[in-house]
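**Student:** Fold the following, please.
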Amino acid sequence: MPVTASFCMSLDGFVADEDGNVGPLFDWYFNGDVEITPPGYPITYRMSEASAQYWNSEFAHIDGAAFVCGRRVFDYTKGWGGIPPTGGPAFVVTHRP
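**Tutor:** Residues are numbered from 1 along each chain as shown. So this is what the prediction gives:
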């Protein structure tokens, strides 16, 4: 089974701006005209043509795959409403319950 890293992160913890927004990491999902709907995720991205081509070449096989994320992204997305982005199990890396 292939392993795919589909999100960005900062190991030093300084990805978010002063307001706690992580826009610079995810803005590319919403800056174009090509619609992409990730498997298992009830949202439609609107990417540029180049981003959509990249997405389709890299992430088309993730349907039902396990998803690993940090606690901050989990909290920011409100747990995706109980439906992780891949439609498979989610593992949240955290140091607190």
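
**Student:** now this structure, which segments are flagged as low pLDDT?
**Tutor:** Within the chain, the ranges that satisfy pLDDT under 70 run 1-16, 20, 22-23, 39-42.

**Student:** now the helices for it?
**Tutor:** 23-26, 49-59, 71-76 (DSSP state H).

**Student:** buried sites along the longest one?
**Tutor:** Neighbour-count burial for helix 49-59, with 16 or more other CB atoms under 10 Å as criterion, is recorded at 51-52, 55, 59. To be clear about C-beta, it is placed using only N, CA and C from the backbone, and glycine gets the same treatment.

**Student:** just the shortest one next, same as before
**Tutor:** The neighbour-count criterion (16+ other CB under 10 Å) identifies Phe26 as the buried residues of helix 23-26.

**Student:** now it, how far from the centre of its chain.
**Tutor:** 10 Å (CA atoms, centre = their mean, to the nearest Å).

**Student:** which strands and helices sit next to it?
**Tutor:** If you count contacts as 3 or more CB pairs under 8 Å, 6 or more residues apart in numbering; DSSP states H and E, helix 23-26 packs onto no helix or strand.

**Student:** Use 49 as the first number from now on
**Tutor:** OK, 49 is where the count begins now, so the last one is helix 71-74.
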